[in-house]
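Peer 1: Structure for the following, please:
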Amino acid sequence: MESVFLIPRWFFGIDMALEVVFAIVTLFIAGYAMRIGRFCEKKEPKFFAVGFLFIGLSYLARGLINIIVAKDLTENITVLEVREVSSLIHFGVYAYMTLFAIGIISLVYMTLKTEKISFYPILLITTLLPLFLLKGNVASYFYIFSTVILVYLATHYMVEYKANKNAKTRYSLIAFSLLALASLVLYFASLHYVSYVISHILELVAYSILLTNLIKVAKNEQKKK
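Peer 2: Prediction:
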């Protein structure tokens, strides 16, 4: 696997703090989604919760990678590589990619509105296998894969919004569009350090929108009970 991130020295530390925030926020999103699922007794919020639980865990793994390599940074700009590095960093990178992939695939399954639970593990296996079987720059495959999935999710919410003109759907559309853009920008983080910074800012805005939206939905569902 080739280089993953080109990171400006001044941003290192800030990104670790942001990734902790991402982990906390996404876990809160999972919690609120599960709470909504209990109120309305539907499958969709529960898989939304599962998806963001794994996304939250993926950010913990990504934060661990940064902590491990932080002591080795001496230049103004550094490249985080997983070629010829410790097995712990190698494991951390694959853990991050695997957990994030499980998270977004869980969200895809949620949108399919199928009752066949057996389709869920099939979907996971067919999308995760390339991460472990492909040779070369697996990170490039991962970012392309993530961008495609997030574009699909944004498109799903766009179709839903056109159908019902619901404000909560509009916020989900905006959030997943920002996440898709962040994933696309992060694809270039091995070439331009500013891409790494921009992607973090986009993710922060997107997850803040999702959490705020879910808190409002949870309160509304609670009032109905």
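
Peer 1: ok, how many other residues are close to M158?
Peer 2: By the criterion of other CB atoms under 10 Å, M158 has 16 neighbours. The way it works is simple: take the backbone N, C-alpha and C, and place the C-beta from them, glycine included.

Peer 1: pLDDT wise, what is it at?
Peer 2: M158 carries a pLDDT value of 96.

Peer 1: mind listing what it touches?
Peer 2: M158 makes contact with L173, according to CB atoms under 8 Å, 6 or more residues apart in numbering.

Peer 1: before we move on, which element is it in?
Peer 2: helix 138-164 (DSSP states H and E).

Peer 1: which residues touch the following helix or strand past that helix?
Peer 2: Note on helix 138-164: by DSSP H and E, the next helix or strand toward the C-terminus is helix 167-187. With contacts defined as CB under 8 Å, 6+ apart, helix 167-187 is touched by 140, 143-144, 146-147, 150-151, 153-154, 157-158, 160-161, 195-196, 198-200, 202-203, 205-207, 209-210, 212-213, 216-217.

Peer 1: now these: which count as buried?
Peer 2: Neighbour counting by 16 or more other CB atoms under 10 Å classes 143, 146-147, 150-151, 153-154, 157-158, 160-161, 195-196, 198-200, 202-203, 206-207, 209-210, 213, 217 among those as buried.

Peer 1: ok, M97 touching S140?
Peer 2: No - M97 is beyond contact range of S140, at 11.4 Å (criterion: CB atoms under 8 Å).

Peer 1: Can you name every helix or strand that the longest helix seen in the chain contacts?
Peer 2: Counting by DSSP state H, the longest helix found in the chain is helix 193-224. Packing contacts for helix 193-224, counted by 3 or more CB pairs under 8 Å, 6 or more residues apart in numbering; DSSP states H and E, involve strand 5-8, helix 14-40, helix 167-187.

Peer 1: could those go into a markdown table alongside mean pLDDT and distance to L133?
Peer 2: Below are the helices and strands packed on helix 193-224 laid out as a markdown table (pLDDT from 0 to 100; distance: least, CB to CB, whole Å):
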| stretch | mean pLDDT | distance to L133 |
| --- | --- | --- |
| strand 5-8 | 65 | 23 |
| helix 14-40 | 88 | 28 |
| helix 167-187 | 93 | 20 |
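
Peer 1: Can you convert the ones you listed into CSV and add a column each for mean neighbour count and distance to I89?
Peer 2: Putting the helices and strands packed on helix 193-224 into CSV (neighbours: other CB atoms under 10 Å; distance: least, CB to CB, whole Å) gives the following:
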stretch, mean neighbour count, distance to I89
strand 5-8, 19, 12
helix 14-40, 18, 14
helix 167-187, 20, 18
